[in-house]
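Trainee: coords please:
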Amino acid sequence: MAALAVALFFLGVFFYSVYRTLWYGIGEWGLNKTVGWAWDITNFVWWVGIGHAGTLISAVLLLFRQKWRTSINRAAEAMTIFAVICAAMFPVLHMGRPWLAYWVFPLQNTFGSLWVNFNSPLLWDVFAISTYFTVSLVFWYTGLVPDFATIRDRAKGPIAKVAYSLLSMGWKGSAKHWSRYETVSLILAGVSTPLVLSVHTIVSMDFATSVVPGWHTTIFPPYFVAGAIFSGFAMVLTLMLITRVVFKLEDYITLEHIALMNKIMMVTGSIVGVAYITEFFIAWYSGVEFEQYAFINRATGPYWWAYWSMMTCNVISPQLVWFRRIRYSIPATFVLSIIVNIGMWFERFVIIVTSLHRDYLPSSWAMFSPSIIDIGIYVGTLGLFFTLFLLFAKFFPVINMAEVKSVLKYTVDNGPTYTGHDPNHATPQTATHGVPASAPVNYDKHD
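Mentor: Numbering: from 1, shown residues only. Sure, this is the predicted structure:
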């Protein structure tokens, strides 16, 4: 309740900031003629990136038959949906006339030749993100149906029984239902997998198809995709480490799950680091003085602090995961996950603001500093995100009960589970209170 109260306070800040933006216009933001995009597009790309891990965990790991995904996929899918909702706020607000937002869709109209510009990557964003949201929502809800039926059968109150009966859509758990459930899950996973690559690729094309130095580069699509998975897994870790303690899910979200997610974070962080170095090399190799200046300005110009914050958080900090003690440490993982998300926000800020504030004409050079309304909308979307996630955790099962049951190898009667913060000295502990223990498979074998 305390966490919800804090989240609702920031949600109130969000509504006030949006009211000021709609009533007085986007002149309330800190934008100027040179930096026409800043916190709004930075936060948009950051939120879309955070939503990436849900689809990856749900779809790609399902297709590769990775059993360890089952304990974390439900929360990751929910996080995806809430993050995309937060992301969608920024382009709509930046339109200036958000009541005309439906004009971005190719709808029949009575305005003569008014039509959307299919050559614009901003329009590609509309289609990519709306598709991403729709498929993720269907995937998430499909996975919830068997669990809703379980809650329906155990519900005590009449309102809860009716609510969960409607949500479970008549699920009986018959062989036919399970067969269709698994078929639909595989089809949705196959449809979702290309979205993992396409969504952030298209977001990167907002920049890559321009002629702004620092943006006009072909490395952006793979670099943005790796960065999105990187930040998405960091946010999943942040949320799941708290959820694991609050709901006492240590038997289901084990240290092995955390270590595996840390490994993925380390790999994607290393890919992002290689992309940063490649950008500098290509700027030098191109021989284009504008491109070279853009990257030198990032590292040594007036926004040097943002650039080096980005490098420290995104390139150096994930390398700590090479150490086994860090990889299996709950406090260290929690701190690292927050550092990574701070670093990924700085990455988007550096790409956008440092490329725009020094353009081709020195006479138009300008600095950007956010207004209080900019800051209010950003922290407000954090309030919206955590309000939605806390309500989800209260009323819906935060782990996929049906899928976790299918992969349990050890139970109270026939096997141990390993607990303790230091896996090197872990001892078998028997799970109690009839709670089945996750299989203590050590994915990180050592002599």
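
Trainee: Where does the residue of the chain most remote from its centre sit: helix, strand or coil?
Mentor: For the chain, the largest distance from the centre (C-alpha atoms, centre = their mean) belongs to Gly112, which lies 40.0 Å off. When classified by DSSP: H, G, I helix; E, B strand; the rest coil, Gly112 comes out as coil.

Trainee: What are the phi and psi values at it?
Mentor: The phi and psi values for Gly112, taken as degrees, to the nearest 10, are phi 80, psi -120.

Trainee: Centroid-nearest residue for this structure?
Mentor: Note: the chain centre (C-alpha atoms, centre = their mean) maps to Ile50, 1.6 Å.

Trainee: For that one, give its distance to Met205.
Mentor: Ile50 sits 19 Å away from Met205, going by C-beta to C-beta, to the nearest Å. Where you see a C-beta, it was placed from the backbone N, CA and C, and this is true even at glycine.

Trainee: Distance-wise, check the closest residue to Asn400 other than its chain neighbours relative to Leu390.
Mentor: The shortest distance from Asn400 to any non-neighbouring residue, by C-beta to C-beta, 6 or more residues apart in numbering, is to Arg74 (4.6 Å). When distance is defined by C-beta to C-beta, Arg74 is 15 Å away from Leu390.

Trainee: more neighbours, those two?
Mentor: The neighbour comparison of Arg74 against Leu390 (other C-beta atoms under 10 Å) goes to Arg74, with 25 against 16.

Trainee: The more buried one contacts Ala402, doesn't it?
Mentor: No: contact criterion C-beta atoms under 8 Å: Arg74 and Ala402 do not qualify, at 10.1 Å.

Trainee: need the helices for the stretch 1-150 of the chain, in chain order.
Mentor: For the stretch 1-150 of the chain, the helices defined by DSSP state H, counting those that start in this stretch cover 2-24, 39-50, 52-55, 61-63, 73-94, 121-154.

Trainee: if you compare those, which one is most tucked away?
Mentor: Ranked by mean neighbour count, the helices of the stretch 1-150 of the chain are led by helix 52-55 with a mean of 30 (mean count of other C-beta atoms under 10 Å).

Trainee: Does anything pack onto it? Which helices or strands?
Mentor: Packing partners of helix 52-55 (3 or more C-beta pairs under 8 Å, 6 or more residues apart in numbering; DSSP states H and E): helix 73-94, helix 121-154, helix 175-208, helix 220-246.

Trainee: let's go with 6 Å and repeat that
Mentor: helix 73-94, helix 175-208, helix 220-246 (3 or more C-beta pairs under 6 Å, 6 or more residues apart in numbering; DSSP states H and E).

Trainee: what's the average pLDDT for stretch 121-134?
Mentor: If you average the pLDDT over stretch 121-134, you get 88.

Trainee: what comes into contact with it?
Mentor: Val84, Val104, Val116, Leu195, Ser198, Val199, Ile202, Met205, Asp206, Thr209 (C-beta atoms under 6 Å, 6 or more residues apart in numbering).

Trainee: Report the distance from the host helix or strand of Lys405 to the chain centre.
Mentor: Assigned by DSSP states H and E, Lys405 belongs to helix 401-407. Here helix 401-407 shows a centroid-to-chain-centroid distance of 24 Å under the convention C-alpha atoms, centre = their mean, to the nearest Å.

Trainee: Buried ones in that helix, by neighbour count?
Mentor: Met401, Ala402, Glu403, Val404 (16 or more other C-beta atoms under 10 Å).

Trainee: Now do that helix: which elements does it pack against?
Mentor: helix 121-154.

Trainee: Now with 10 Å, please.
Mentor: Helices and strands touching helix 401-407, as assessed by 3 or more C-beta pairs under 10 Å, 6 or more residues apart in numbering; DSSP states H and E, comprise helix 73-94, helix 121-154, helix 175-208.

Trainee: For Thr381, find the nearest of these.
Mentor: helix 73-94 (4.2 Å; C-beta to C-beta).

Trainee: What is the distance between that closest one and the centre of its chain?
Mentor: 8 Å.

Trainee: Now do it against helix 175-208, angle only.
Mentor: 40 degrees (axes from the mean of the first three to the mean of the last three C-alpha atoms, to 10 degrees).

Trainee: then helix 73-94 to PDB, C-alphas only?
Mentor: Extracted in PDB, the C-alpha atoms of helix 73-94 (Å, rounded to 0.1, in the frame of the first residue of the first chain):
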ATOM      1  CA  ASN A  73       7.500 -14.500 -18.400                       C
ATOM      2  CA  ARG A  74       4.200 -13.400 -16.800                       C
ATOM      3  CA  ALA A  75       5.700 -10.300 -15.100                       C
ATOM      4  CA  ALA A  76       7.900  -9.500 -18.200                       C
ATOM      5  CA  GLU A  77       4.800  -9.600 -20.500                       C
ATOM      6  CA  ALA A  78       2.900  -7.300 -18.100                       C
ATOM      7  CA  MET A  79       5.900  -5.000 -18.000                       C
ATOM      8  CA  THR A  80       5.900  -4.900 -21.800                       C
ATOM      9  CA  ILE A  81       2.300  -3.800 -22.000                       C
ATOM     10  CA  PHE A  82       2.600  -1.100 -19.300                       C
ATOM     11  CA  ALA A  83       5.900   0.200 -20.800                       C
ATOM     12  CA  VAL A  84       4.300   0.500 -24.300                       C
ATOM     13  CA  ILE A  85       1.400   2.400 -22.800                       C
ATOM     14  CA  CYS A  86       3.900   4.900 -21.100                       C
ATOM     15  CA  ALA A  87       5.800   5.200 -24.400                       C
ATOM     16  CA  ALA A  88       2.700   5.900 -26.400                       C
ATOM     17  CA  MET A  89       2.000   9.000 -24.300                       C
ATOM     18  CA  PHE A  90       5.000  10.900 -25.600                       C
ATOM     19  CA  PRO A  91       4.300  11.100 -29.400                       C
ATOM     20  CA  VAL A  92       0.700  11.900 -28.700                       C
ATOM     21  CA  LEU A  93       1.600  14.800 -26.400                       C
ATOM     22  CA  HIS A  94       4.300  16.000 -28.700                       C
END
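
Trainee: follow-up on the earlier one: now pLDDT too, for the buried residues of helix 401-407, in JSON lines please.
Mentor: Shown next, in JSON lines, are those (pLDDT from 0 to 100):
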{"residue": "Met401", "pLDDT": "78"}
{"residue": "Ala402", "pLDDT": "74"}
{"residue": "Glu403", "pLDDT": "73"}
{"residue": "Val404", "pLDDT": "74"}
